Each structure stands twice: as C-alpha cells, then as structure tokens.
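Engineer: everything below, folded, please.
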Amino acid sequence: MEKTYRPKFNTVIVKQLQDSNPDVFLHPAPYDGRKNLYTIDDYAFPNGGRSFDVVVQDKVYKVKLTHVRTIDPTTLDRYTKREQSWDENVATTLAALNVAVKMQPASTHPSRGRTFYSLKHRVDVGGGLEAIKGFFQSIRPTFDRLIINIDIATGVTYRAGPLLDLFLSFLGAKKPFHVASIFGPALSEHNRLRLQRFSTGLGVLARSPNGDERSYGIYKLTKEGANTLEFERDGVSSTVAGYFAQSNRPLRFPNVICIQTRRGAYIPLECCTVPPGQLSRSELDPDVQRKVVEFATQKPTERLEQIKESLQLFAYGESDYVRAFGMKIDSANMPLTISARILAPPAIQYKAQGGVTKLVPRFGSWNMVGKKFMVPARLSRWIIVTFVDARNFDNAKATKMKNDFVSNCKAVGIQVDDETPAIAVGYANRVEESILNAGREYMAKKPTPTPSPPQFVLCVLPDTSLNRDIYRAIKFWGDMKQGVATQCILLRHAQSSKPQYWANVLLKVNVKLGGKNSLLDANQMASALFDVAHPTMIMGADVMHPAPGSDSPSYAAVVGSNDSSQSYFLSRTKYQSSRQEMIVDLKQMATELIQAYVRKQTRVERLIFFRDGVSEGEFSRVLEHELPLLKEACTEANVNPTITFIIVGKRHHFRFFPTSDNDPNQDQRSGNLPAGTVVDRDITSPLEYDFYLQSHAGRLGTSRSSHYTVVCDENRFNPNQLQMMAYTLCHVYARSTSAVSIPAPVYYAHIVCSRAKTHYNPAGNQAPSVVSDGTSSTDNKAAVLEHHRQNYKSVHATQNARMYYMVHSNAEVEVTQYVCTSSISSSLPVSLVSISIFSFIDISIPSFTS
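Structural biologist: This next block holds a predicted model:
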C-alpha cells in the first residue's frame, strides 16, 4: 500500500536518493515534491523503471522511478516565436524549468510553491503568528524570449518556540502560569476545535522521556488530558502521564491535552517545540490580517530595491540544477524597461445647479462636493434602530445623528418625505424582533388609510466585535427574509461624522433604494458600452472558495447591467460544491439577469462578460464550460448577442515602476504610475490576446495592475476599444468617487460572494464552516453541501431587483491595498542551452519499512 507524504518530506527523500546513488544521478535532477522528477540524463533502467531503498531518519523508504516520457524543449522556443500553439509539451517544459530554478532557494529557505521566505524580515502579528517577507519567481514565456518574473511576497508563519506558548498566544491568554486550567478539563470543545484547526499539519519537535527529539506532524488534538489518556505498550496499559512518570520524567502539567500524530501516537503539549519557518494556511483573524497588510505595504522604490536584492537569495549562478539544465540567466539587465501607454479617463456626470456638470478624474479620483446624484432616490418611510448602550448614545445624540443624515440626504438630492422617523433601541440578542417592533411602532404613530411598513432601516452598531453578529442578523432579515433596504453605521461615526462620511454612506443608500449616483460621458473608444441603438449588456462573475481545510461550499456570483447607462447592476448568487471553480448554475443566473435587462431595453445585441477568479491553467476549461452555458442562457432569454469573454486576474506578480524618481507621469503622492496605464507588449503572452491595465490610483504601497485575457471576441473589438471599455467600467463603481482596480461588475460579483454568511439565519441552525480533522472525504463534502442546502436562504425578490449588496468600505481592503502598474518589470532574460533530453520520471513512495 502506497503512503502519501507532504512535498517537503518527499523532497528530503528524493535528495537523499540522489546523494546516495551518484553512479545513477550524474547531474542534479529537479523534483517537484510530488510525482515528477526531471533529468537530462538517460538512466536506461531495465524495463523503464527501478526501485531504490532510501534511508532517512533511520527508516527505509522504497522509491520507485518509472520513465514516463521524453519531452522536447524546443517546443517552448517555437511557442515564444509564435510558430506553434500552447500544448502539453510546452507546458511540461515550462514546468520543468520552473522546478529547476526553485531547487536552490528551496533547499535553504522556507517555501511554498514558487515563493521563498527569509527569516530576517518578520514581525509578530498576534494570534501565535508572524508575518514574513519573501520572494516570488516564475519563468514566463513572452514574444521571442523567456523572462523570470520576480516579486516581493508576504507569508504568515507559526511563531517558533514551545507549543504551549503558541497555543496560549492563539487563545489570547496573558497568564502562562494558568496552563493547567486553560488546557485541562476546563478547555471548551469550541476552543479545542479552534486550536485543532489552527495547528493541524504543524510540524513539531517532540522530546521523548529519554531526552531524544523527533519530528512529528500534528494530526489532531485529544479530548482527554495526559493523566486519563491511555495507550498500550508491550501488552501493558498506561496513561501518557504515567508513562512519563515511570521514565523519571514526570509531566509538569499532567492534566493537559496531547497532540495526536497520524500514526496514533500521543505526545503531551509541554514536550513539543515548534521549529521556525513553518507557513500557516489557517484563516486569519481580521485584526491579524490588518497587521499583515500593514507589514506588506511598501513604497514602489522600497519594493524595487528589495526585488533587486532577491538575486542573492535565488543565486542562479550557484545553482547546480540551473547549470545542469544549461540555462543562462542574465541578471545584468534587471529590471527590464518596457513601453506603456496612458489612457484618458471618462468624464463623470452629476446634477448641479443649472443642469448637468461633468467632472474629469485627476489621479484616478474626483470630488462631488456641491454635486447631486444623477438619479436620486426617494426616502418615504424609514426608521432608526440603535443596537448600542443608551448611556453611550441617548435620544439627544440619536436625534442629532438623524438630523445630520437628513440634511446630507438633501445635499446630494435624495428626497426625504418623512424627517421624523421612529428611533428605537434594539437588542443584540433579538435583532429581528427589535427591528419588527420598531416598524410596528412606526406604523402605529403614522396612521394612513393603508399603513405601509418602513422601506429603509438605519442601524447603529457598537464599536466592538459584537457588531459582526448584529450585522449578519440585520442583513439576513433585510436582504433574505423581509426585502427591506438596511444601512449599518458604527457608533463612533454616528456620534461625530463630517459631511464627507455621510456622502460616502449615501453613495450606498441611494443605489440600495434604486437610485443612480452618476453617469458616464464615455470616450469615443468606449462608445459601444452606451450605444442605445445596439444595446450592450455587461456581466461580471466570480467564485469564492472556503478557507484551506474547510469542506464548506464555494459561492458563485454573477452580476449584470440593467440598462444601457451601465450604472446599475443586478446580481444572482448560488452555492456549489467546495472548490468547484466552474460556475455550475451560470445558465440559470445569466438567464434571469438577461431577462431583467430585456424588460427594460427590449433586446441585447452585444454581451461583454468579465470573469474573475480563474488561474491561468483553467482558462481553457472556463471557456469550454462557461461560454456554452452563457449562450444557452441567451437562447433561453430569446436573445442572440455577439459575446466577448474576458478573464480578469489580480493574483499575478508583475509589478511596474516609473523609470526614475523624476518621471513626470508618476503619481507624486505615492510614487506609483498614474491611473490609465496600459502595458500590452514586451511581457505579454506570445499568442494570447492579453494586456495589463492600471486603472486605480494607488495610494498605499506598490500598486498592482489587473491582467486581462480575451478568450473569445465575437464582437471583434480592436485592442484600443477593449482597453478603453475596461478602463471606463472601472469608473462606475457606485460607492466610490475614484476608479477601482477592476471593472465594477467584477468587483460587485466579488462582494456578492463575500456576503455568503448573510444567507444563513444567525439565530437558527446555520451552516457553519465545517473543517475536517485531517482528510476530506467525498461523503463528508456531500453531507456539508446538503446541510447548506437546507439552511441557505436566497435573496428576497424585492432586494434582487436592487443593488442590495453595497457594503462598508472595510470590505475593500484587498483592492485598496493592492492595485496599480508601471513601466519597468522585475524580470530576467533566460536562455535555454544544450538541453537535448528531458526525462519525465514518475515517483511513488510506498509505506516505509524498518
């Protein structure tokens, strides 16, 4: 029976295999940590394979090498010259080269995938974790050459030291001398499972009673303490604590729980030490995530200097693997200087005294002070519910907040019919009941021939972590159950806020009530977006997956424009199997959105579909699966538009910098390149239709562009048209007076996915984030999916016809912290020399024998 080990341990085994058989392995052979080993030697094994016994840590592992195929690296060269299309040979050659360049740094530094970390640059971020700086590298094919893309990366590692200290830090305990009470019988099952999710897979050095140390991986945590946990050794039963006492190594905390290894061994927590440099995959607490973002934020000049310094870590010239492959990497021209263009922004239209005014964005933003919404909503019936202590927010303060809200509504054009709404006190443990009682009170005090409930609820939340639970309950009630627009604000903002804050809030309130904040006066190149004679519908789609180790579902969302102004987008969302990348229910969601568009515009002649969340390896699968579903949706809705399908990516590592500090085109405030910068040559794909667009004026750190790949274009737009349309759509994001880093419909789809938790009743049997305790089975995933099916509640029909999903700006951390591009790339030219044979070796590592 074969046993699967982690890639890191597999690499240790294969390294020992090569070192102990120099007569076979004449040149270092790169290994990917899983199934593939690449070599330029002809091993000439009998019958194409051979087995080896490899000794690691006094144990014998059987490794079987089987020759699978020989690949020709010249196919990659032909691909870069546009002489052949992408195929398996090109992909395999590129994979082999990437494995070769990573071998040297991976042997001396913590790594994950193509990223390597240096323990010199790290900071404590709380919760038992440290943020750590690293470097990413990847060989990329461009026209007529290969380049190495290098970038700064940030990882999160477990804090090294005693395991007990790590667990204390994770739980936020400040008194280490209370270990026995914290991890003993008083440890709640909730906290035990939290610790287990946090530590599963973590490697520790465990000290045995005789003082020896060995490495183990944490599989799970026991429910019982060492003084009651029994095991059998040589036919004799004993508790774990008793075993250590009999060995004259009595435990200091005998009632504390133990770790359990995959082989079933129990080890007391106090005997375990965490080695440094172990990367964490656990979901980060919001406070920890904020500290990680702060640590990762670097000015462009600082980032570029660190990228240059990374060459010492990668040490291409010293790598035996790189030399064995005959690769020549020229770092003298690091970084590359490339060409870029700057697009002109569209004008933004608002109402002003005397008619319509147009604002031209400057450095990616504009100021609407003194302007009114183009289509303001009407606020007829509304109430205020405060979920805070009345001692901190009495009726006088609530009345002042109400007056500020009303006056600012008028300032942006929202008509407020009722300026004296009911103000009620709500209770955190009875959110729905509190809002319903406030609504009844409102209807009782404002009798009409046909009493109507409030159309809008303004809620004040406490400045504590409790607000997250209250927020979810409010959104579940308003968006899923009742069909009522809601807006939440924090106490600190309700007590003292300037007009700018209320203006930002009202950007969301207006569209939630059906209004439109602004309209675009588009550049001629983007005129197809607003062509009433040939109506164009815009869609955006995204899929969001659960945290690592979780069997919870993935969530897919699709949004679609609702008229030719491209200023109002409706949404649909569905759950689907965990980590399913393709949008399973795309046909149904797209059909409903197209039908809603046709009810207003009568027809759709062009459809532009922006798809987010797709890795490069999935491009062809997405096109093969989702484009047919999109066409079926059009047929179902009785329309036949020409379709342009564009994949938008943010998770790439190309960074662009001004050529000098005195570059007149750079944003003088941040040092980044200006909004509207386009790179469509030099570093783009040899054959694919792709470009990089910096649409957002980055203010913090080094900006990251978005990468657009056009996989289908039945509309036959030219590059200038496509780039300008994408850039224009970055200016229609409703809750901002600045351009965002991706087209607004893609951003909206991401937000809709992120609101998945609001589809479950917080007070009921909600579907939790289910995490398996080691391996994930098909049965477990099916059970979890069924549990979610029973508890998931769809969006209320009223809210489905609105932009209900507009959220507080805190949800935009990812985009505001990581945006932008430039005119220098951190890449190195690569040459392939004298590689005549690549052997592709399949490696399997069966269970060890002693």
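Engineer: distance of the residue nearest to Gly172 when sequence neighbours are not counted from Tyr43?
Structural biologist: Spatial nearest neighbour of Gly172, chain neighbours left out: Gly127 (7.7 Å); criterion: C-beta to C-beta, 6 or more residues apart in numbering. Any C-beta I mention is one placed from the backbone N, CA and C, and that applies to glycine too. Distance, Gly127 to Tyr43, using C-beta to C-beta, to the nearest Å: 48 Å.
Engineer: for Ile182, same thing?
Structural biologist: Counting by C-beta to C-beta, the gap from Ile182 to Tyr43 is 55 Å.
Engineer: Pro276 too?
Structural biologist: Distance check for Pro276 against Tyr43: by C-beta to C-beta, it reads 37 Å.
Engineer: again, but for Gln799
Structural biologist: 64 Å.
Engineer: more neighbours: which of these two?
Structural biologist: Gln799 (24 against 16; other C-beta atoms under 10 Å).
Engineer: grab the nearest non-local neighbour of the more buried one.
Structural biologist: Counting by C-beta to C-beta, 6+ apart, Asp479 is the residue found nearest to Gln799 once chain neighbours are left out, at 4.8 Å.
Engineer: could you do Ser282 as well?
Structural biologist: Of all residues not flanking Ser282 in the chain, Phe198 sits nearest, at 5.1 Å (C-beta to C-beta, 6+ apart).
Engineer: contact partners for the residue nearest to Gly172?
Structural biologist: Contact partners of Gly127, counting by C-beta atoms under 8 Å, 6 or more residues apart in numbering, are 169-170, 172, 284-285, 288.
Engineer: wait, which of the residues you listed is closest to Ser518?
Structural biologist: Ser518 lies nearest to Leu284 out of these, by C-beta to C-beta, at 35.1 Å.
Engineer: what is the burial count for the closest one?
Structural biologist: The tally of other residues near Leu284 (other C-beta under 10 Å) stands at 17.
Engineer: now Val288
Structural biologist: By other C-beta under 10 Å, the residues close to Val288 number 19.
Engineer: equivalent analysis for His652, please.
Structural biologist: The number of residues packed near His652 is 17, by other C-beta under 10 Å.
Engineer: my read: Leu586 touches Val558, true?
Structural biologist: Yes: assessed by C-beta atoms under 8 Å, Leu586 is found in contact with Val558 at 6.6 Å.
Engineer: which one of the two has more residues nearby?
Structural biologist: Val558 (29 against 25).
Engineer: using the three-state scheme, assign the more buried one.
Structural biologist: Secondary structure of Val558, reduced to three states by DSSP: H, G, I helix; E, B strand; the rest coil: strand.
Engineer: now it: how far from Val543?
Structural biologist: Noted for Val558: a distance of 10 Å to Val543, by C-beta to C-beta.
Engineer: mind listing the shared neighbours of the two?
Structural biologist: Joint contacts of Val558 and Val543 (C-beta under 8 Å, 6+ apart) are Ile583.
Engineer: that older thread, confidence score at the residue nearest to Gly172?
Structural biologist: Note on Gly127: pLDDT of 93.
Engineer: what does Thr93 give?
Structural biologist: 91.
Engineer: buried residues in the helix or strand containing it, which are they?
Structural biologist: According to DSSP states H and E, Thr93 maps onto helix 88-106. Neighbour counts over helix 88-106 (16 or more other C-beta atoms under 10 Å) mark 89-90, 92-106 as buried.
Engineer: tell me the strands beside the helix or strand following it, with direction?
Structural biologist: Per DSSP H and E, helix 88-106 leads on to strand 111-112 as the next helix or strand towards the C-terminus. Taking DSSP bridges as the criterion, strand 111-112 forms sheet pairs with strand 115-126 (antiparallel).
Engineer: residues contacting the strand it pairs with, please?
Structural biologist: Applying C-beta under 8 Å, 6+ apart, the contact partners of strand 115-126 are 102, 105-106, 109-111, 130-137, 153, 155-157, 159, 169, 276-277, 279, 285, 287-288, 291-292, 295, 313-314.
Engineer: quick check: angle from it to helix 88-106?
Structural biologist: On the basis of axes from the mean of the first three to the mean of the last three C-alpha atoms, to 10 degrees, strand 115-126 is oriented at 60 degrees to helix 88-106.
Engineer: strand 115-126: which residues count as buried?
Structural biologist: When burial is assessed from 16+ other C-beta under 10 Å, strand 115-126 yields the following buried residues: 115-118, 122, 125-126.
Engineer: farthest pair in the residues you listed?
Structural biologist: The span of those, defined through C-beta to C-beta, is set by Phe116 and Gly126 at 24.5 Å.
Engineer: for Leu586 and Val558, list the residues in contact with both.
Structural biologist: Joint contacts of Leu586 and Val558 (C-beta under 8 Å, 6+ apart) are Ala541.
Engineer: what's next to stretch 306-315, contact-wise?
Structural biologist: 101, 104-105, 109, 116, 118, 133, 135, 137, 150-152, 298, 331, 334-335, 655, 826.
Engineer: next structured bit after the helix or strand harbouring Ala749?
Structural biologist: Assigned by DSSP H and E, Ala749 belongs to helix 744-754. Per DSSP H and E, the first helix or strand lying C-terminal to helix 744-754 is helix 778-791.
Engineer: next one: that next one to chain centre, how far?
Structural biologist: Here helix 778-791 shows a centroid-to-chain-centroid distance of 23 Å under the convention C-alpha atoms, centre = their mean, to the nearest Å.
Engineer: for stretch 265-274, same thing?
Structural biologist: Distance of stretch 265-274 from the chain centroid (C-alpha atoms, centre = their mean) equals 33 Å.
Engineer: now stretch 714-730
Structural biologist: 26 Å.
Engineer: buried sites along it?
Structural biologist: 715, 717, 720-730.
Engineer: again with stretch 759-766
Structural biologist: 759-762, 766.
Engineer: any stretches of the stretch 51-200 of the chain with poor pLDDT?
Structural biologist: 174-177 (pLDDT under 70).
Engineer: swap that for the stretch 201-350 of the chain, please
Structural biologist: Using pLDDT under 70, the stretch 201-350 of the chain has no residue that qualifies.
Engineer: strands along that one, start to end?
Structural biologist: Taking DSSP state E, counting those that start in this stretch as the test, the strands found in the stretch 201-350 of the chain are 203-207, 213-217, 220-225, 230-233, 236-239, 257-260, 266-268, 272-274, 327-329, 336-337, 341-342, 347-352.
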